[in-house]
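Peer 1: here is my input; please provide its structure:
(2 chains)
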Amino acid sequence: MMKEIRVQFETLDPYKEIDTLRADNKAIGAVVNFIGLMRDFNEGDSVSQMSLEHYPGMTEKALEKIVDEASQRWELLGVRVIHRVGDLDPLDPIVLVAVASAHRGEAFKACEFIIDFLKTRAPFWKKETTADGSRWVDARHTDDEAEARWQS
Amino acid sequence: MIKVLYFARLREELKTESEELALDASTADIIALKLKLSARGDIWSDIFAGDETVMAALNQEVAKPDDKLKDGDEVAFFPPVTGG
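Peer 2: The predicted structure follows:
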């Protein structure tokens, strides 16, 4: 399986990544993508900028582990997980999870599994700038619930 | 010696990015290390003995409270993650 995991300061072009994922592989019948984007509001406030911090080394290990588990659960032909760090503006892509497989079912499930676990396991932290200054974003309880669905 | 790293809100509030500590009974496992750090008082006790959730990693893997520490280990403390 083709696997690419990257954490980058550079702007993320999800469509270019998706093209690379499926290029020249005639066995791929389905590609499912999740693209996380920076919104201009959160918790009722308008947000003008965001800064993303991570734990270099642990982040890559955590993502590798999640992708490996997904590829054990489902038959996949390719996975790309690219995550931005550094300063972001509204509209900027934050994360891409792209999964290729022969049929759609595997790709749909694996894509959702990977983003659900990334949300709760990968050491990234968001800090957002509002009119009142900057603040760290709090973890969401709904993300833990989303992860828990896969435990059964 | 062990290396201790702090990330995000913790790094800012503790005004510390990383430090090295001697390996002894007070740093024998993750729970002992947290007690040692909270004994520094002020913001340290607010964070390590307070209500905030603090996550721990040992050598870049999620750690359990009773994980033992050995020379050269890298421990990290951070708030619940918010990526994606």
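
Peer 1: for the rest of this, base every contact and every neighbour count on C-alpha atoms.
Peer 2: Will do.

Peer 1: quick one: low-confidence ranges for chain A?
Peer 2: A:152 (pLDDT under 70).

Peer 1: tell me, how many residues neighbour residue 14?
Peer 2: Answering for chain A, as no chain was given. 22 (other Cα atoms under 10 Å in any protein chain shown).

Peer 1: oops, chain B please
Peer 2: B:Leu14 has 14 nearby residues by other Cα under 10 Å.

Peer 1: spell out which parts of chain B neighbour chain A.
Peer 2: Residues of chain B lying near chain A by Cα under 8 Å from any Cα of the partner chain: B:7-9, B:60-61, B:80-84.

Peer 1: any idea whether B:Thr53 is helix, strand or coil?
Peer 2: Look at B:Thr53: counting by DSSP: H, G, I helix; E, B strand; the rest coil, its state is coil.

Peer 1: against chain A, how distant is it?
Peer 2: 10 Å (Cα to the nearest Cα, to the nearest Å).

Peer 1: now the residue nearest to that residue when sequence neighbours are not counted: phi and psi?
Peer 2: Leaving aside its sequence neighbours, B:Thr53 sits nearest to B:Pro79 (Cα to Cα, 6 or more residues apart in numbering or on different chains; 6.3 Å). B:Pro79 adopts backbone torsions of phi -80, psi 170, taken as degrees, to the nearest 10.

Peer 1: can you pull out the strands in chain A?
Peer 2: A:2-8, A:30-37, A:41-42, A:45-54, A:78-84, A:86-88, A:93-101, A:124-130, A:133-136 (DSSP state E).

Peer 1: what's the most buried one of the ones you listed?
Peer 2: strand A:93-101 (a mean of 26; mean count of other Cα atoms under 10 Å in any protein chain shown).

Peer 1: how about it as PDB, C-alpha atoms only?
Peer 2: Output of strand A:93-101 as PDB, limited to C-alpha atoms (Å, rounded to 0.1, in the frame of the first residue of the first chain):
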ATOM      1  CA  PRO A  93      -6.800  23.600   4.200                       C
ATOM      2  CA  ILE A  94      -5.700  22.300   7.700                       C
ATOM      3  CA  VAL A  95      -5.600  18.600   7.000                       C
ATOM      4  CA  LEU A  96      -6.100  16.100   4.100                       C
ATOM      5  CA  VAL A  97      -7.000  12.400   4.700                       C
ATOM      6  CA  ALA A  98      -7.200  10.700   1.300                       C
ATOM      7  CA  VAL A  99      -7.800   6.900   1.000                       C
ATOM      8  CA  ALA A 100      -7.800   4.800  -2.100                       C
ATOM      9  CA  SER A 101      -9.200   1.300  -2.500                       C
END
